[in-house]
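*Asks:* I'd like to go over a predicted model; first the sequence, then the structure.
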Amino acid sequence: MTCDATGVIAAIRSAAAVVDEHRDELVDLDREIGDADHGENLKRGFTAVLSKLDNAGDTPGAVLKVVASTLISTVGGAAGPLYGTAFLRAAAKLGTTGTLTPESVVDALDAALEGVVARGKAEAGDKTMVDALTPAVAAARAASGSVADVLKAAADAADQGAQDTVPLVARKGRASYLGERSAGHMDPGARSTALLLRAFADAAQGATP
Amino acid sequence: MTCDATGVIAAIRSAAAVVDEHRDELVDLDREIGDADHGENLKRGFTAVLSKLDNAGDTPGAVLKVVASTLISTVGGAAGPLYGTAFLRAAAKLGTTGTLTPESVVDALDAALEGVVARGKAEAGDKTMVDALTPAVAAARAASGSVADVLKAAADAADQGAQDTVPLVARKGRASYLGERSAGHMDPGARSTALLLRAFADAAQGATP
Amino acid sequence: MKKIINDPSTVVEESLRGLAAAHGDILKVRTEPAVIYRADAPVTGKVAVISGGGSGHEPLHGGFVGLGMLDAAAPGPVFTSPTPDQVQAAVEHVDGGAGVLLIVKNYTGDVLNFETAAEFASADGVDVRTVVIDDDVAVKDSLYTAGRRGVGGTALLEKIVGGAAEGGYNLDECEALARRVIASVRSMGVALTACTVPHVGEPSFVLEDDEIEIGIGIHGEPGRRRVPHQPADQLVRTLLDPVLEDLPFASGDRVLLFTNSMGGTPLVELYLAHGIAERLLAERGITVERRLVGPYVTSLEMQGMSLTVLKVDDEMLRWWDAPVRTAALRWGA
Amino acid sequence: MKKIINDPSTVVEESLRGLAAAHGDILKVRTEPAVIYRADAPVTGKVAVISGGGSGHEPLHGGFVGLGMLDAAAPGPVFTSPTPDQVQAAVEHVDGGAGVLLIVKNYTGDVLNFETAAEFASADGVDVRTVVIDDDVAVKDSLYTAGRRGVGGTALLEKIVGGAAEGGYNLDECEALARRVIASVRSMGVALTACTVPHVGEPSFVLEDDEIEIGIGIHGEPGRRRVPHQPADQLVRTLLDPVLEDLPFASGDRVLLFTNSMGGTPLVELYLAHGIAERLLAERGITVERRLVGPYVTSLEMQGMSLTVLKVDDEMLRWWDAPVRTAALRWGA
Ligand SMILES: Nc1ncnc2c1ncn2[C@@H]1O[C@H](COP(=O)(O)OP(=O)(O)O)[C@@H](O)[C@H]1O
Ligand SMILES: Nc1ncnc2c1ncn2[C@@H]1O[C@H](COP(=O)(O)OP(=O)(O)O)[C@@H](O)[C@H]1O
Ligand SMILES: [Mg+2]
Ligand SMILES: [Mg+2]
Ligand SMILES: [Mg+2]
Ligand SMILES: [Mg+2]
């Protein structure tokens, strides 16, 4: 992947493929502690995104803005506005820059996390996507190296973060209605965050810088 | 059993017991080719009859008239008016006679059959209670001996008649909606007719005349 | 069996208590024998329209008692026709001196029990007429069967004739209108799942995961044939084709289309099916003048639906549109 | 999964087509984004009342669009909140210049999506207020949860506020009334069976033959606890006690009692449960002033029910009684 708009478009395409592949898994996770639609919601959203990617923009930020508004207007549920905000804030952070750098990627991830928290008011430990995104941002910031290295660190940490939601009792979102019974299941939003970051990291493999 | 009102009351009590005992069987038969209520309908009816039997009357006819009106007002469904009519016609045939004779029993059975046919318009072979009652009347008429003998002949023939409904395709009642699919099941009304006649025959064992 | 009941033998009685509590402004309930009747009955000088049948098909018939529809309903035990006493008591409660029309669904039990009641009421000097509705095309009508069943068309019949009775039709006119509606209405149903009668405790029949029962009745009695489950487009056609061929309905006809849930089918599916039926009728050049969509003639919790098509004229439309104020149907009042 | 559908991904769209065909005199439907709105919208000078949410709860909300209730509803996919575009389009269709009240059920997704839409509409100069209903006592309300869910009380809220808006209330008055209704209404539900979301194809949870789920939501999400099935007398008490203790409701209170089916529970059971609830309230000295009984806030084909109790005053009763003309609720018009 290149670190310009074309590369970002390619990364979004692989993210869409990953969502498609894991749709049933995300539905099943949401069935356990939610309402069984998370995979379907994201699939609907990323399918719409795919149809908008051609000529989505000349800069990474412009592309991510199209992704954001498409997700907001097609995903629905809690995940729609949250992921929409995440991509929107990342886009805003990147501004009009034409090429991603490891630093700008970290800053964009950080902005995404802040957006999700601002919108959803969840804290770490509430068993939400924040529990994947928070360690991901920290790991990305601590990592050194290329965009690919930063994203790999983020994805690894997000994987672990998603895994760590299993024993938690949910305090936000639909899973919170279950109280204690929400423990013992992975949070679907944390899992999808980890999947998206992994897709971006894989797409960035061998990218420069 | 004696062949007066007291004896008839006793016979009706055993019939009620038999209905209670076979309630589930009749429900199951009706479930196969009807609407799964025949046993419940008769049980409801005979339970009501039991509560009216004390001092129901001084003659067999008077007792049967109480049975008839109670069945009509509690059974519902097809069986209510049909059995109600059967008992009513039998009661009318017996008139004010104080003691049953083998001949009067045969005539009463015949009147009951005529009543059922008049009301329900079924012919032999239509897969209804008529298929149990028709051979029962014929066998009773052909039999010689006591009231008990006559009733035993009727019950035996009704058993066979009910059995013979199994291969028939129903042309009356709810089972007729099934068309060919009604074949292979015993008609619940034919079965209940056989059960009632057997209860009467058993109660009459050793009766005089 | 999981049901919200206390005891299978008191289901109907307890349910009637709740019905009375819920709709005291519209109807009253009496027991032993059980009758649901208009709160303002008898309406002097008005033809009284009475129906009834087994319970478990709610809102039919009790939910249709009230201004502009039924004067009384006689509710039998679940899926079992009521007794003559109930119908006689209904007549006594609502007879307003202008005669009584009995609307009976064509089942042997219903016909026999209403017949008996009619004899008694006539003997008491009441002018009683009986009409028997038999709109189910799934069943062969011939001299050698119990004939067609009364199903979805019953709701339409009760509304139209009830409206006319409220509007001042005399008994002859009510009866004639009823016979015309019966001659003009046809229905067909399908079950996706069976229902469980409380006193039985087990499903009335068993359908596999991919099987449906075409030509289902409303008493949990099996239908005409089992076929694999099919997409809605095809399923609606499977129901509608025999209905349209039967009367037959032809291009240029004006109809009322009634898309009915058997109880357990949710509205999202029912409206979907209704949309398909509208499209198919339009394709045939048949004009849908009025429609009714919802669970009105049900079979407990059964999943499935039925389609009813009534060929209408201005007279029928007038009484369909007339004010009605019942628990289940209400407009203009 | 046996459903009357063609394709899980087009269920809502096809169902809306049928809804529009069935009720053309009351409502219109537009797609991409999907909105159901009053046939006569916008009503100039009237506060517009808009709600919406995931589909699968029909007749909520689309069945409540019409005179005296909602001006528009935004239907999301099954059990998924609608997107901001839908809500924005709804506002555009029905804004009559007197401001817009958004009625939102308290779910994270609904709140976030409506919030976004409200921001856009406000930016366009529309006076938009949002009220969030959270009547479900099964869920703990605390700073550390998503808070209580909006369930059955939503239907009552939409009727009362819709009536007031039709009756001439301005936006401040509508909002104040809505907040008072929300503060006065409590609900609790139970599932006897699970439901199956079309795009999932399997039941959302599994209940054994003798198990029920207390405190169920309306999205097939599991409830608070599983208990053995119980007789109706006890079950109704299990639902009603926490509702009454919560507000709390006390002797002398006047209430509206809403006995709601989750979809698959037949009316015969629902009225039975309603009768029990009426008796229990009477025993506590609580006066039932009005009642609503039926499947109004459902969860597809789920069997089960909920009880909603609203403490009413004369103002609420006035707008409850006011004319309404929608697909699902209709009186006085
Ligand atoms: N307040 C919140 N803050 C952050 N994430 C949240 C919040 N509420 C829910 N989520 C995330 O959204 C996911 C559920 O998304 P989805 O199933 O698409 O929406 P819904 O819950 O409306 O059905 C949860 O698994 C969780 O990770
Ligand atoms: N026309 C008829 N003539 C004689 N017997 C009939 C007729 N119709 C039905 N039956 C009898 O009634 C029985 C069914 O009774 P039941 O189940 O109590 O009533 P329903 O069919 O109304 O549910 C049938 O098995 C049959 O024997
Ligand atoms: Mg979800
Ligand atoms: Mg039967
Ligand atoms: Mg029956
Ligand atoms: Mg959802």
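*Replies:* In hand now; what should we look at? Ligands and ions are numbered 1, 2, ... in the order given.
*Asks:* which bits of chain C sit near ligand 5?
*Replies:* Within chain C, the residues that sit near ligand 5 (CB under 5 Å from the ion) are residue C:80. All C-beta spots, glycine's among them, are computed from the backbone N, C-alpha and C.
*Asks:* helices along chain A, start to end?
*Replies:* A:5-21, A:23-33, A:38-50, A:60-74, A:79-94, A:102-120, A:130-142, A:147-164, A:188-204 (DSSP state H).
*Asks:* the second one vs ligand 6: in contact?
*Replies:* I take that to be helix A:23-33. No - Helix A:23-33 is not in contact with ligand 6 by CB under 5 Å from the ion; minimum separation 7.7 Å.
*Asks:* got the CA coordinates for that helix in CSV?
*Replies:* What follows is helix A:23-33 as a C-alpha-only set of coordinates in CSV (Å, rounded to 0.1, in the frame of the first residue of the first chain):
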residue,chain,number,x,y,z
ARG,A,23,-20.2,-10.8,9.6
ASP,A,24,-21.6,-14.0,11.2
GLU,A,25,-19.0,-14.0,13.9
LEU,A,26,-19.9,-10.5,14.9
VAL,A,27,-23.7,-11.3,14.7
ASP,A,28,-23.1,-14.3,17.0
LEU,A,29,-21.1,-12.3,19.5
ASP,A,30,-23.9,-9.7,19.5
ARG,A,31,-26.5,-12.4,19.9
GLU,A,32,-24.9,-13.5,23.2
ILE,A,33,-25.0,-10.1,24.9
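*Asks:* and it, how far out from the chain middle?
*Replies:* Its chain's average C-alpha position is 17 Å from that of helix A:23-33, according to CA atoms, centre = their mean, to the nearest Å.
*Asks:* which one of the helices of chain A lies closest to chain C?
*Replies:* Taking CB to the nearest CB, helix A:38-50 is the member of the helices of chain A nearest to chain C, at 15.8 Å.
*Asks:* so for that closest one, what's the average pLDDT?
*Replies:* What helix A:38-50 shows for mean pLDDT is 97.
*Asks:* chain neighbours aside, what residue packs nearest to the residue of the stretch 201-333 of chain C found nearest chain D?
*Replies:* At 3.0 Å from chain D, residue C:275 is the closest residue in the stretch 201-333 of chain C, using CB to the nearest CB. Of all residues not flanking residue C:275 in the chain, residue D:18 sits nearest, at 3.0 Å (CB to CB, 6 or more residues apart in numbering or on different chains).
*Asks:* can you list phi and psi of the residue of the stretch 201-333 of chain C closest to chain D for me?
*Replies:* Here is the backbone geometry of residue C:275 (degrees, to the nearest 10): phi -60, psi -40.
*Asks:* list the contacts of it.
*Replies:* Residues counted as contacts of residue C:275 (CB atoms under 8 Å, 6 or more residues apart in numbering or on different chains) are D:14, D:15, D:17, D:18, D:19, D:20, D:21.
*Asks:* what is the mean pLDDT for the helix or strand hosting the fourth one?
*Replies:* For residue D:18, the host element (DSSP states H and E) is helix D:11-22. On average, the pLDDT along helix D:11-22 is 98.
*Asks:* packing partners for the following helix or strand past that helix?
*Replies:* Going down the chain from helix D:11-22, the next helix or strand is strand D:27-30, by DSSP H and E. Judged by 3 or more CB pairs under 8 Å, 6 or more residues apart in numbering or on different chains; DSSP states H and E, the packing partners of strand D:27-30 are helix D:11-22, strand D:35-38.
*Asks:* contacts for strand D:27-30 next, please.
*Replies:* Residues outside strand D:27-30 that contact it (CB under 8 Å, 6+ apart): D:16-17, D:19-20, D:35-39, D:41, D:62, D:65-66, D:89, D:93, D:326-327.
*Asks:* quick one: buried ones out of these?
*Replies:* The neighbour count (16 or more other CB atoms under 10 Å in any protein chain shown) marks D:16-17, D:19-20, D:35-38, D:41, D:62, D:65-66, D:89, D:93, D:326-327 as buried among the contacts of strand D:27-30.
*Asks:* which stretches in chain C count as helices?
*Replies:* Assigned by DSSP H, the helices in chain C fall at C:11-22, C:84-94, C:108-123, C:153-166, C:171-184, C:232-246, C:267-283, C:314-321.
*Asks:* mind listing what residue 9 touches?
*Replies:* If you meant another chain, say so; for now it's chain A. Per CB under 8 Å, 6+ apart, neighbours of residue A:9: A:53, A:56, A:63.
*Asks:* chain C is the one I meant
*Replies:* Contacts of residue C:9 by CB under 8 Å, 6+ apart are residue C:199.
*Asks:* so what's the residue nearest to residue C:270 when sequence neighbours are not counted bridging to?
*Replies:* Residue nearest to residue C:270 in three dimensions, not counting chain neighbours: residue C:261, with 4.9 Å by CB to CB, 6+ apart. Applying DSSP bridges to residue C:261 gives these bridge partners: residue C:305.
*Asks:* ok, residue C:261 touching residue C:297?
*Replies:* No - Residue C:261 is beyond contact range of residue C:297, at 9.0 Å (criterion: CB atoms under 8 Å).
*Asks:* quick one: pLDDT of residue 188?
*Replies:* Using chain A here. 98.
*Asks:* oops, I was thinking of chain C
*Replies:* pLDDT, residue C:188: 97.
*Asks:* got the contact list for the residue lying closest to it once chain neighbours are set aside?
*Replies:* Using CB to CB, 6+ apart and skipping residues adjacent in sequence, the residue nearest residue C:188 is residue C:239, 4.6 Å away. Going by CB under 8 Å, 6+ apart, residue C:239 touches C:188, C:189, C:190, C:214, C:305, C:306, C:307.
*Asks:* neighbours of the second one, how many?
*Replies:* The burial count assigned to residue C:189 is 28, neighbours taken as other CB atoms under 10 Å in any protein chain shown.
*Asks:* who does it form a beta bridge with?
*Replies:* Bridge pairing for residue C:189 - DSSP bridges - gives residue C:306.
*Asks:* could you measure from it over to residue C:272?
*Replies:* Going from residue C:189 to residue C:272 by CB to CB, to the nearest Å gives 17 Å.
*Asks:* what do you get for the fifth one?
*Replies:* The gap separating residue C:305 from residue C:272 is 10 Å, by CB to CB.
*Asks:* do you know how far the closest residue to chain C within chain A is from residue D:221?
*Replies:* Going by CB to the nearest CB, chain C is nearest to residue A:37 of chain A, at 14.9 Å. Distance, residue A:37 to residue D:221, using CB to CB: 10 Å.
*Asks:* of these two, which one has the most company?
*Replies:* residue A:37 (33 against 24).
*Asks:* what sits closest to that one if chain neighbours are left out?
*Replies:* Distances taken as CB to CB, 6+ apart put residue D:80 closest to residue A:37, at 4.9 Å, once the chain neighbours are dropped.
*Asks:* same thing with residue A:203?
*Replies:* Distances taken as CB to CB, 6+ apart place residue A:11 nearest to residue A:203, at 3.8 Å, with adjacent residues excluded.
*Asks:* touching, the one you found and residue A:197? I think so.
*Replies:* No - counting by CB under 8 Å, residue A:197 is not a contact partner of residue A:11; they are 10.6 Å apart.
*Asks:* neighbour-wise, which of the two wins?
*Replies:* More neighbours surround residue A:197 than the other of residue A:11 and residue A:197, with 27 against 24 (other CB under 10 Å).
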